[in-house]
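In: Sharing a sequence plus its predicted fold:
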Amino acid sequence: MFDVGSFYRAQSVEDAVRALAADPCALPVCGGTDLWVRNREGRDSGASYVSIQGLPEITGVRLDPDGDIVIGAATCFRDVAEDPIVQKFIPMLGEAAEEVGSPQIRNVATIGGNLCNGATSADSAPSLLILNALLVLKGSGGERRIPVEEFHTGPGRTCRLREEILCEIRIPRSAYQNRHGAYIKYGKRNAMEIATLGCAALVHLKEQKLAEVRIAYGVAAPTPVRCGKTEEILTGLPAHRETLERAAQCIRGEITPRSSWRASREFRLHIAGEMLKRALAEAIRRAGGHIDEA
Amino acid sequence: MRMRIGESLIRVDAHAKVTGQAKFTGDLLPRDCLYAAIVHADCANGRVLSIDGSAAEKVPGFVQLVTSFDVPDTRFPTAGHPWSVEKAHQDIADRPLLTKRVRLYGDYVAAVIGETRLAAKKAAALVKVEYETYPPLLTAREALGATPLHEEFPDNLIAHSRIRLGMSYDEAKASEPEALEFVKRYDTQIVQHCHLEPAQSLAYMEGERIVVVSSTQIPHIIRRIVSQALDMPMGRIRVIKPCIGGGFGNKQDALVEPLAAYLTTRVGGRPVFLELSREETFTDTRVRHPMSFDVKALVRRDGTLLARKVEGWSAQGGYASHGHSVVANSASAIKQLYRDALGLECDVRTVYTTTPVAGAMRAYGIPQADFLTESLSDDIALVLGMDPIEFRMKNKVEAGYVDPHSGITFHSYGLEACIEKGRAAFDWDKKRIAYSNQQGPIRRGVGMAMFIYKTGVHPISLETAGARVTLNQDGSVMVQMGATEIGQGADTVFTQMAAQVLGISPHKVHLVSTQDTDIAPYDSGAYASRQTYVSGGALKRACEMLKEKIIGYAREILGDVALDLRDDGVVEADTGVRKLTLEELALEAQYSLRRSEHLTAEYTNNCKDNTFSSGVGFVEVEVDIPLCKVKVLRILNVHDSGVLINPQLAAAQVHGGMSMGMGYGLSEELLLDQSGRPLNGNLLDYKLPTAMDHPDLETDFVELVDPTGPFGNKALGEPPAIPPAPAIRNAVLHATGVAVDSLPLSPQKLYEHFVRAGLIREGEEHV
């Protein structure tokens, strides 16, 4: 039972931007797996919707000649997960996409919508953070590019303007080449789940040392976060068990999860360390390394 | 003759349900239907001061606001029990149609009728209600003696019942000074049934009569309750139950039927559809009683259970519903499952609380009791250094047991055989040794639990069921049961029973699935794992009566020979030679100019018997200590449920129960905040296990012929949900040495326990 004022299916991104600008109460909608739930709960009652679902210009994954991977924001999670480019170059993002909801949800929910919804629990966000993704938005003022790290501004909030459309998620070649990552989602069940905590880790392994480390979390703060301090401390350290222990210790001092009825801060801090150890170990293994028991 | 009992006949409703042909309440809305929406209280304990509908009235499509100030001041009981003509045994009549006194968060203070669902919902959201609020009463212990929720119960105490067997606990303790004493508290949580189809009713008037089409397990009882709620003679109420999408006990209660019936009277009998959302179904229908048990147990060092003293507290919620019957049932199982060599004291109380109303839920108080008894057994066995099965073998209920109070007898006893089957299937003895003294972050364990369960409600309550069978002109039969198909497969097993007794093919049995109280014979409904036993008894007898009539008529044609019915025909009893097809006989009987007879039979079974069914659950888990997670690697239920009418349906019934038990053990819990407001009454935040959370569900049976069952059968509907939760808890105990004494074993709770046990350092890694 949805309370919809009007529903307009845009013909193009340009058309969507025009429609949004014309109606100050209109909201863009793509897969709708978050927005229709909001509407059913009585939020956004009577809203006008401008659908960008399936617009070819923002759907699908491609490899640019310069090696950057471009993911159309309207690509559904199933298509992200099954895409050969994703599987070959950034498999961790495909794995994160597989963690979303259920097969039915992954068939409609889109990676762009997941980001624009602004939730700290978005399964795609930690992986995109450590892949240094760049977001391409188009609005009435033209196009702008924003690093994903600057996109989230608070719980359920992003810097996207109401009449702007997130069109592309660009992953620079330099961010993924010779890098290997892993995403671990902590949920209370194995499907249809919102993350209690999500941890993504990526390494550049050189001679059994962590030449570069990138770490990001969902639900560790009001927005998905990169963990620069821990990254810095780990950089240059050997792929040892001791390094993983150090990582767990550092991360517990860096992130700031809160207590809620879903989980206590102490519990989230505890599993954050454990998840990071496992994500790093998996990333190192994928990079062809192994964990030396120091 | 081909056997029909014991065959896995494909469900008779399978095709209709798979193709969408089957009609549920929501499929039957007439063209001129109106829709109702509820105005819920947004405090848990309080009083309505005023209700302002001025904004609601302006919503396009608004039809009418009905408030708690408008409704007649009647109070009715909602529990789906057969009525008792003795006042002392009647259910508590404490429910108003709409209430001025708020007794739980979400209590019904008003209803809005609209031309569309959306209009009704939007208008309901705009109704302004002023409250005077009081502190919430969230647990039975704190509610006892607090300001009353119902004037008739000044201490909030609904009932306190006692069981005393043998010596008192103190006497037992004095007589056995060497005995070990165990002092424990076991707690269970609020869970909800989560049937697929939310609660809903359609009501309309035909002349002076009210018709209620509803998703219910108990159409005939609903008729009585609606008549009480509206103070209208029962003959003027008609209840129709089409297909229903699950109930699990929630729909063994009057949910929205009385209100829907009342609302149609407010709009001149126009149809009113009242459908609860999933979220409303969670928080304002019924839940499983959360219970807390303080337990003391005395045990000899050789493992002999000497005595137990149990104090149980059951939190009822704001209205009585099934009330004290549930924890009273828990107390019975505590008594029945184990033998206390010296004595048992068991005191249980049910107390009104300002929490979601607890009612019937699959296995009716026994999952709570079983969490107590089975956790206690493993806790004792651990201290004694005994194998948990050995402890149970020494102290469990034995063959031929007769309940000293109810007289219920364990007629066919398969409990020990179930234990042995599970023990062998799980390689239990080896695994108990292999998994002892594990180190490291990932550990495995095996655990088990046993249970006992009654079949139906005799002698506590009336057991009555009707069946009517008619021979059609083509030699097929019409079967009308008062019993209710709720997804469990009742229609299919009744079809098999009729086919068996009448010697006809199952496809020639046409069973009227829709219950219509204007037409169908009476039956109390689908609950208490009773229908194959009680209603099956009615059908068996009705079919035997019809068979006698058919043979009697055949003799008029064939002469005085011994006849029988086999393979859709009348045969010579001795030789099996067919003398007439059933079709030939039916045509003759119907249209004979000599003597036309409508061959039909009806029987009311007043079942005055009962028997115990029993069984075990076995579980193997892997515990990831640093991540505080339990993975169920294997799970097996073995049931002693007598003869299986349909083995495939029986296994499916067990699968569903095991899933429910796994959720109870690991993840399901309806949480309330300090003000009594539900926090997670939706399917995202309430962690019902998904397909991805289950291993293969293994089932096995010990099939003994129960002498009291119409076909040697006994209870199976509810029992499968009982053993998984305590078996999981015991497997975690085996894996980690950590005894978790409350349900569920959620990651947050395991974290706290593992920190306390020194298995993980707070905020740090696995030790």
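Out: Sure, I can see it.
In: Tell me the residues on the stretch 51-200 of chain A that lie near chain B, please.
Out: By CB under 8 Å from any CB of the partner chain, the residues of the stretch 51-200 of chain A that approach chain B are A:Ser102, A:Tyr186, A:Lys188, A:Arg189, A:Asn190, A:Ala191, A:Met192, A:Ile194, A:Thr196. Glycine gets a C-beta too; all of them are placed from N, C-alpha and C.
In: Need the pLDDT of the closest residue to chain B within the stretch 1-150 of chain A.
Out: The stretch 1-150 of chain A approaches chain B most closely through A:Met1 (5.0 Å), counting by CB to the nearest CB. For A:Met1, the model assigns a pLDDT of 80.
In: can you check the one 4 residues further on too?
Out: If you check A:Gly5, the pLDDT there is 94.
In: tell me the contacts of it?
Out: Going by CB atoms under 8 Å, 6 or more residues apart in numbering or on different chains, A:Gly5 touches A:Cys25, A:Gly46, A:Ala47, A:Ser48.
In: how much space is there between B:Thr264 and B:Tyr204?
Out: Distance, B:Thr264 to B:Tyr204, by CB to CB, to the nearest Å: 5 Å.
In: In terms of neighbours, single out the busier of these two.
Out: Taking other CB atoms under 10 Å in any protein chain shown, B:Thr264 and B:Tyr204 do not tie; B:Thr264 has more neighbours (25 against 22).
In: Quick check, that one in contact with B:Glu206.
Out: No. Look at B:Thr264 against B:Glu206 with CB atoms under 8 Å: they stay out of range, at 10.5 Å.
In: Any chance of the backbone angles for the spatially closest residue to the residue of the stretch 1-150 of chain A closest to chain B that is not a sequence neighbour?
Out: Of all residues not flanking A:Met1 in the chain, B:Arg117 sits nearest, at 5.0 Å (CB to CB, 6 or more residues apart in numbering or on different chains). Main-chain torsions, B:Arg117, degrees, to the nearest 10: phi -60, psi -40.
In: What of B:Leu384?
Out: According to degrees, to the nearest 10, B:Leu384 has phi -80, psi -10.
In: got a pLDDT number for the residue nearest to it when sequence neighbours are not counted?
Out: Using CB to CB, 6+ apart and skipping the chain neighbours, the partner closest in space to B:Leu384 is B:Gly303 (5.6 Å). What the model reports as pLDDT for B:Gly303 is 98.
In: And what about B:Gly303, helix, strand or coil?
Out: coil (DSSP: H, G, I helix; E, B strand; the rest coil).
In: That one: what's it in contact with?
Out: For B:Gly303, the contact set (CB under 8 Å, 6+ apart) comprises B:Ile380, B:Ala381, B:Leu384, B:Met386, B:Glu390, B:Phe391, B:Lys394, B:Asn395.
In: And it, how far from chain A?
Out: Computed as CB to the nearest CB, to the nearest Å, the B:Gly303 to chain A distance reads 37 Å.
In: now do B:Leu376
Out: Where chain A is concerned, B:Leu376 sits at a distance of 27 Å (CB to the nearest CB).
In: Which strands and helices lie in contact with the helix or strand that contains that residue?
Out: Using DSSP states H and E, B:Leu376 maps to helix B:366-384. Helix B:366-384 sits against strand B:180-187, strand B:291-299, strand B:305-317, helix B:324-337, helix B:388-395, strand B:442-454, helix B:724-736, with contacts defined as 3 or more CB pairs under 8 Å, 6 or more residues apart in numbering or on different chains; DSSP states H and E.
In: For chain B, give the residue positioned nearest to chain A.
Out: At 3.8 Å from chain A, B:Met692 is the closest residue in chain B, using CB to the nearest CB.
In: Enumerate the residues of chain B near chain A.
Out: Close to chain A, as judged by CB under 8 Å from any CB, chain B has residues B:117-118, B:121-122, B:125, B:626-628, B:667, B:671, B:673, B:679-680, B:683-685, B:687, B:689-693, B:746-748, B:751-752, B:760, B:762-766.
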